[in-house]
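Visitor: I would like the atomic coordinates for the input below:
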Amino acid sequence: MAHYVAIIEDTGPDYAVGVWFPDLPGCISAGDDVDGALRNAPEALELYAEGIEQDGKQLPRPRTLTELKADPEVAGDLKTNMVALVELPVRAHAAE
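Guide: Residues are numbered from 1 along each chain as shown. Presented below is the predicted three-dimensional model:
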């Protein structure tokens, strides 16, 4: 099963909680709270994977948290936000 690191941005009660995936540019999700945003994240992954597949491309390999911490473009976000592993739903990558 593929699991992608998600960065969860919670900027307060007046804003939606955002989730984005450093390895998947443009793959985002949101919710009214952290739990809602995380519940929506697998669907965002699935839709992203379907789009990539339709374009005839392959999803990038998910990097480990250690690899992401070594990436200067992501390291700061890892220090200031919550992080979760989100599983790519099986049907989204069954054709791999």
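Visitor: now the residue most central in space within the chain: how far from residue 74?
Guide: Within the chain, the residue whose C-alpha comes closest to the C-alpha centroid is residue 21; the distance, by C-alpha atoms, centre = their mean, is 3.1 Å. Residue 21 sits at a distance of 10 Å from residue 74 (criterion: C-beta to C-beta, to the nearest Å). To be clear about C-beta, it is placed using only N, CA and C from the backbone, and glycine gets the same treatment.
Visitor: quick one: stretch 62-79 to chain centroid distance?
Guide: Its chain's average C-alpha position is 13 Å from that of stretch 62-79, according to C-alpha atoms, centre = their mean, to the nearest Å.
Visitor: no no, stretch 77-84
Guide: 12 Å.
Visitor: what does stretch 16-27 give?
Guide: Its chain's average C-alpha position is 5 Å from that of stretch 16-27, according to C-alpha atoms, centre = their mean.
Visitor: Give me the mean pLDDT for that stretch.
Guide: Over the span of stretch 16-27, the pLDDT mean works out to 96.
Visitor: Residues in contact with that stretch: which ones?
Guide: By C-beta atoms under 8 Å, 6 or more residues apart in numbering, the surrounding residues in contact with stretch 16-27 are 4-11, 28-34, 36-38, 40-41, 44-45, 48, 59-63, 68, 71, 73-74, 77, 84, 86.
Visitor: Buried ones among those residues?
Guide: Applying 16 or more other C-beta atoms under 10 Å to these, the neighbour count classes 4-10, 28-31, 37-38, 40-41, 44-45, 48, 59, 62-63, 68, 74, 86 as buried.
Visitor: So which of those residues are in helices?
Guide: Among the buried ones among the contacts of stretch 16-27, the residues falling in helices (DSSP state H) are 37, 38, 40, 41, 44, 45, 48, 68, 74.
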